[in-house]
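Peer 1: Give me the fold of what follows.
(one chain, ligands or ions: 1)
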Amino acid sequence: MPIDPSVAIGADIGSTTFSWTESDVLLYHLGIGAGSHEGDHLAPAALRYTLDGPALQVLPTFGVVVPTFHETDPPPLDLPGCDINLAQVVHGSQSIAVSGPIPTSGTATVSTTLTDIWDKGKAAVVWQEGVATSPSGEELWRTRSSIFVKGEGGWGGDRGASDPVVLPVRDPDLLTSYDVTPQQALLYRLCGDRNPLHADPDFAKAAGFPAPILHGLCSYGIVLRELTDGLLGGDATLVRGFACRFSGVVFPGETIRVTGWREGDRIVAAAAVEGGERDGSPVLADCVLTVA
Ligand SMILES: CCCCCCC[C@@H](O)CC(=O)SCCNC(=O)CCNC(=O)[C@H](O)C(C)(C)COP(=O)(O)OP(=O)(O)OC[C@H]1O[C@@H](n2cnc3c(N)ncnc32)[C@H](O)[C@@H]1OP(=O)(O)O
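Peer 2: Predicted coordinates for the structure are as follows:
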């Protein structure tokens, strides 16, 4: 069986220790479009993401990517009990909760567990959770993510329960957009995800797409940055968590429209493609930004 839930569920994927520098933080922020709005490269809020020094802040979505930031090979997908390949896989959902602002440089260890597998009949959803700790053992952040594995499932397992975020009916507090550059995925892949799905047209076609698609985690970072800039004055230290489901693909060169509502100590949001033939196609759903 390509996926054996009896082996996979609860499996300890292991621990990795990694380090990062201010340069990694700067590259990450550039990869998710920091400084690209007109005048942004000189604005104090954007400089918090793009200029090294005492004012530099870290958008918490960095915590998701930093354990593999220096990887130069495609994601290995060597998950216990899962005989699957990259062409079957898209990122399904992602969340991170931080204990406090992520340092601009440091060392940490992440321990990851494969927590659950849902059987969608025509696909399987594989869930992982990670806990990152400092060298002194202090918890820094927690992540939860899923991959959607096409062509798996059908063993009569649990379908899982979704918990959709209901968006307010009132006018949004933020309506903004970001123009994904044609080379966005080629830049973002330098942040540790060399999956050929985002760069190689032949691989993308074999995986069922007309062209390479943008990394889900790039859209995830773009949307958090837009919400932080638009509703939190560009202060990344106010973000305690960010969760989303990847509800549709983005092609480099498209525009992502971000709509957000402030609701007490959280912001709920959605993202969709703006303009062109795919206007309104979903990108991110069930977005929740938790505010300190
Ligand atoms: C080990 C580390 C490995 C790292 C791997 C990641 C590496 C990265 O480089 C990969 C990427 O970044 S890929 C890019 C980012 N992801 C995407 O673009 C996916 C966008 N979403 C889609 O295409 C579809 O929603 C799609 C395809 C997800 C679902 O669409 P459909 O097939 O049409 O399914 P649908 O009919 O809508 O729903 C069927 C059931 O599945 C549930 N579901 C839907 N979307 C889900 C999602 N995103 N996550 C989890 N579950 C999801 C539905 O709820 C439904 O279930 P049920 O019938 O029980 O209600």
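
Peer 1: Contact residues of the stretch 51-200 of the chain facing the ligand?
Peer 2: Contact residues (CB under 6 Å from any ligand atom) of the stretch 51-200 of the chain with the ligand: 75, 77, 79, 89-93, 120, 125, 146-148, 159, 162, 193, 195, 197. Yep, even glycine has a C-beta here, placed from its N, CA and C like the rest.

Peer 1: let's go with 8 Å and repeat that
Peer 2: Residues of the stretch 51-200 of the chain found near the ligand (CB under 8 Å from any ligand atom) are 75-77, 79, 86, 89-93, 118, 120-123, 125-126, 128, 145-148, 150, 159-160, 162, 193, 195, 197-198.

Peer 1: Among those residues, name the ones in strands.
Peer 2: Counting by DSSP state E, those place 89-93, 118, 123, 125-126, 128, 145-148, 150 in strands.

Peer 1: Who wins on neighbours among those?
Peer 2: Within these, most neighbours by other CB atoms under 10 Å means V126, with 26 neighbours.

Peer 1: pretty sure it contacts C82?
Peer 2: Yes - using CB atoms under 8 Å, V126 is in contact with C82, at 6.4 Å.

Peer 1: Check which residues of stretch 96-104 are buried.
Peer 2: Neighbour counts over stretch 96-104 (16 or more other CB atoms under 10 Å) mark 96-98, 101-102, 104 as buried.

Peer 1: picking that back up, tell me, what's touching V126 and C82 both at once?
Peer 2: Taking CB atoms under 8 Å, 6 or more residues apart in numbering as the criterion, V126 and C82 both touch 3, 8, 114, 149.

Peer 1: Select, from the buried residues of stretch 96-104, the two members most distant in space.
Peer 2: Greatest spacing in the buried residues of stretch 96-104, by CB to CB: A97 and T104 (19.5 Å).

Peer 1: By proximity to the ligand, which residue of the stretch 51-200 of the chain wins?
Peer 2: G92 (3.0 Å; CB to the nearest ligand atom).

Peer 1: For the host helix or strand of G241, the averaged confidence score.
Peer 2: Secondary structure from DSSP states H and E places G241 in strand 239-246. For strand 239-246, the mean pLDDT works out to 98.

Peer 1: How about residues contacting the helix or strand following that strand?
Peer 2: Sequence order places strand 255-263 as the next helix or strand after strand 239-246, per DSSP H and E. Strand 255-263 has contacts (CB under 8 Å, 6+ apart) with 167-168, 170, 172-180, 219, 222-223, 226-227, 230-231, 250, 267-276, 283, 287, 289.

Peer 1: What strands flank strand 255-263, and is each parallel or antiparallel?
Peer 2: strand 174-179 (antiparallel), strand 266-274 (antiparallel) (DSSP bridges).

Peer 1: does the ligand sit close to it?
Peer 2: No - under the criterion of CB under 8 Å from any ligand atom, strand 255-263 makes no contact with the ligand; the nearest approach is 12.0 Å.

Peer 1: Mind giving me the ChimeraX select for the contacts of strand 255-263, buried ones only?
Peer 2: Selecting only the buried entries of those in ChimeraX, with 16+ other CB under 10 Å as the criterion:
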select :167,172,173,174,176,177,178,180,219,222,223,226,227,230,231,250,267,268,269,270,271,272,273,274,283,287,289
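
Peer 1: Could you export stretch 278-292 as PDB, CA atoms only?
Peer 2: Extracted as PDB, the C-alpha positions of stretch 278-292 are listed here (Å, rounded to 0.1, in the frame of the first residue of the first chain):
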ATOM      1  CA  ARG A 278      -8.900  33.500 -13.400                       C
ATOM      2  CA  ASP A 279     -10.200  36.600 -11.700                       C
ATOM      3  CA  GLY A 280     -11.700  35.500  -8.300                       C
ATOM      4  CA  SER A 281     -10.100  32.100  -8.300                       C
ATOM      5  CA  PRO A 282      -9.400  31.200  -4.600                       C
ATOM      6  CA  VAL A 283      -5.800  31.200  -3.300                       C
ATOM      7  CA  LEU A 284      -6.000  31.100   0.500                       C
ATOM      8  CA  ALA A 285      -9.000  30.300   2.600                       C
ATOM      9  CA  ASP A 286      -9.600  30.000   6.300                       C
ATOM     10  CA  CYS A 287      -6.900  32.600   7.100                       C
ATOM     11  CA  VAL A 288      -6.600  33.600  10.700                       C
ATOM     12  CA  LEU A 289      -3.900  36.000  12.000                       C
ATOM     13  CA  THR A 290      -3.600  36.000  15.800                       C
ATOM     14  CA  VAL A 291      -2.600  39.300  17.200                       C
ATOM     15  CA  ALA A 292      -0.600  39.700  20.400                       C
END
